[in-house]
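Undergrad: coordinates only, sequence not included:
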């Protein structure tokens, strides 16, 4: 059985994995690869990370059939209805953190804030991800808030203990975030739980964000930003920044459409070549089959009577 540790990126599932390791001695795997490639030893030890021993399909099949729970971190949509621990964070903070993460580790595939708000990304958008996992209605799901994990860790650890039905001695929790941040500052950034003014999160971005994700934000009790002091850019700069993002978004959409058209054309050509090859093989098989039938009929009929002078003389 698999127990998923799921979240939208940068929402706290690494923190949950650390709690599982430190308090319960529970190790966990990752569904997707990390930006580190091979996870550094000190991070693996702290978070309880284990590398997959085989390919994902093979591992998944064995883990599903096994009687003991296997914990797997993922940011992808759900693959099944097995138990899950879903970690949610204020969507605004999660997207901001994800944006900085993208800029650092995937510079060649950089996304704009607008794209992440709208969900032009591998993991879709924040609220679509939440709805897909449906932690409030999904059977066998535990919903954890990042903010509560930071502010009230003992209480949340008790909830995790009850969920995983752990009956041993619970280890004492000590958040290793400061040490991890010192060692890998690009990955373990600030871990903020409150919304503070950020030059990247403009009033226009907030409006778009709330239009896309306001329902889930309201449902979870996260507030909107309304007062002027919530933003540090002036209206003209805000509008200019939005237009730059829109142009980048449009350029990326055009580029990706062209790439898809080229790929589709190449695939169509490959399919046509394969179809021609299949037809040729069918024709060859048909001719070979006809020769086989002719040879079999000739063998059944036996040798034909001789004709010519010898036959006439007899």
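TA: Sure thing, it's come through. Given the structure is predicted, the values throughout are model-derived calculations rather than measurements.
Undergrad: tell me the centre residue of the chain?
TA: Of all residues in the chain, the one closest to the mean position by C-alpha atoms, centre = their mean is residue 76, 3.1 Å from it.
Undergrad: next, it: secondary structure please.
TA: Following DSSP: H, G, I helix; E, B strand; the rest coil, we place residue 76 in the coil state.
Undergrad: any idea how far it lies from residue 63?
TA: Taking C-beta to C-beta, to the nearest Å as the measure, residue 76 and residue 63 are separated by 15 Å. (C-beta placed from N, C-alpha, C; glycine too.)
Undergrad: which stretches of the stretch 51-200 of the chain form helices?
TA: Counting by DSSP state H, counting those that start in this stretch, residue ranges of the helices within the stretch 51-200 of the chain are 56-65, 91-105, 113-118, 126-133, 146-151, 153-164, 177-183.
Undergrad: nearest to residue 140, out of the ones you listed?
TA: Set against residue 140 and scored by C-beta to C-beta, the helices of the stretch 51-200 of the chain come closest in helix 153-164, at 9.0 Å.
Undergrad: which pLDDT value belongs to the nearest residue to residue 88 once chain neighbours are set aside?
TA: With C-beta to C-beta, 6 or more residues apart in numbering as the criterion, residue 88 has its nearest non-adjacent residue at 5.8 Å, and that residue is residue 145. Among the per-residue scores, residue 145 holds a pLDDT of 97.
Undergrad: burial count for residue 145?
TA: Residues within reach of residue 145, counting by other C-beta atoms under 10 Å, total 20.
Undergrad: residues touching it, list them.
TA: For residue 145, the contacting residues are 87-89, 220, taking C-beta atoms under 8 Å, 6 or more residues apart in numbering as the criterion.
Undergrad: again, only this time at 10 Å
TA: Contacts were defined as C-beta atoms under 10 Å, 6 or more residues apart in numbering; by that measure residue 145 touches 11-12, 87-90, 151-152, 156, 193, 220-222.
Undergrad: ok, so of those residues, who is nearest residue 259?
TA: Of all the contacts of residue 145, the one sitting nearest residue 259 is residue 11; the distance, using C-beta to C-beta, is 30.0 Å.
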